[in-house]
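**Student:** predicted model, plus sequence, below.
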Amino acid sequence: MTGKPAPLSTIEDVRRNMSRSQATRVARTRQAIFEAVASIDDEAAVTVGEVVRRAGISRAAFYTHFSGLDELAIAIMRDMVQTVSALHHEARGTTYASWREASVAMLRRTVDHMVQNRRLYLSVLEMPGSSGAFDAAVVELAGSIVAAFERMADVLDQKDVEDMARFIASGTLTMIIHWMRTNPSMPVDEMVARLISFFPNVER
């Protein structure tokens, strides 16, 4: 006797559950890889072998997610900027007295996040292909800064906005990384104050 086919809604539920389960596994594996990179100390080389050993996964699993260390480095740095941008987006209802005050808030979120994850980002920048990761982070951060400049269209033309955003993004990341390497005990407030002192004055 042939059984009745499962109702369509049941099949769709199964597919949704499978897709959700797969997405969870992917996210869990990526997080394990990120945490493995963060756990590598100054003496250990950042290699695929070291990453998979610390993450408790196979090389095959690693290469399912990333083609190599360069792609991993880019993914981590992009994730960093997107995380900070998301935090800033959540606070977009906050009213700031000026663009500079808003910039201080954005810088504080960026510095706080990078300092809290210092070992991860310094390890990333020691990987082969890390220059590509830095460039990717600059592009992502510049995009967030361009969005912040949108309300000032009557002060700066679009080309000036894009150039200034790249300049600020590159300089900000360079200085934060430099301080994390050379002066890890520097207070976040001091980092933010020094960074904002370098920002151009573009207030109305």
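**Tutor:** Looks like it came in fine. Numbers count the residues shown, from 1 in each chain.
**Student:** outside of stretch 73-89, which residues touch it?
**Tutor:** With C-beta atoms under 8 Å, 6 or more residues apart in numbering as the test, stretch 73-89 has contacts from 30, 34, 37, 66, 105-106, 109-110, 113-114, 117, 120-121, 124-125, 127, 129-130, 132-134, 136-137, 140-141, 144. From N, CA and C alone the C-beta is placed, and that goes for glycine too.
**Student:** just the buried ones from these, in PyMOL syntax?
**Tutor:** The buried residues among those can be selected in PyMOL (16 or more other C-beta atoms under 10 Å) with this line:
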select buried, resi 30+34+37+66+106+109+110+113+114+117+120+121+124+125+127+130+133+134+136+137+140+141+144
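**Student:** in helices, which of the contacts of stretch 73-89 appear?
**Tutor:** 30, 34, 37, 105-106, 109-110, 113-114, 120-121, 124, 130, 132-134, 136-137, 140-141, 144 (DSSP state H).
**Student:** I'd say Ile57 and Arg30 touch.
**Tutor:** No - using C-beta atoms under 8 Å, Ile57 makes no contact with Arg30, being 10.4 Å away.
**Student:** so what's in contact with these two at the same time?
**Tutor:** With C-beta under 8 Å, 6+ apart as the test, Ile57 and Arg30 reach no residue in common.
**Student:** pLDDT-wise, which helix or strand of this structure ranks last?
**Tutor:** helix 8-39 (a mean of 73; mean pLDDT, DSSP states H and E).
**Student:** list the buried residues for the helix or strand following that helix?
**Tutor:** As assigned by DSSP states H and E, the chain's next helix or strand after helix 8-39 is helix 48-55. By neighbour count on 16+ other C-beta under 10 Å, the buried set for helix 48-55 is Val51, Val52, Arg54, Ala55.
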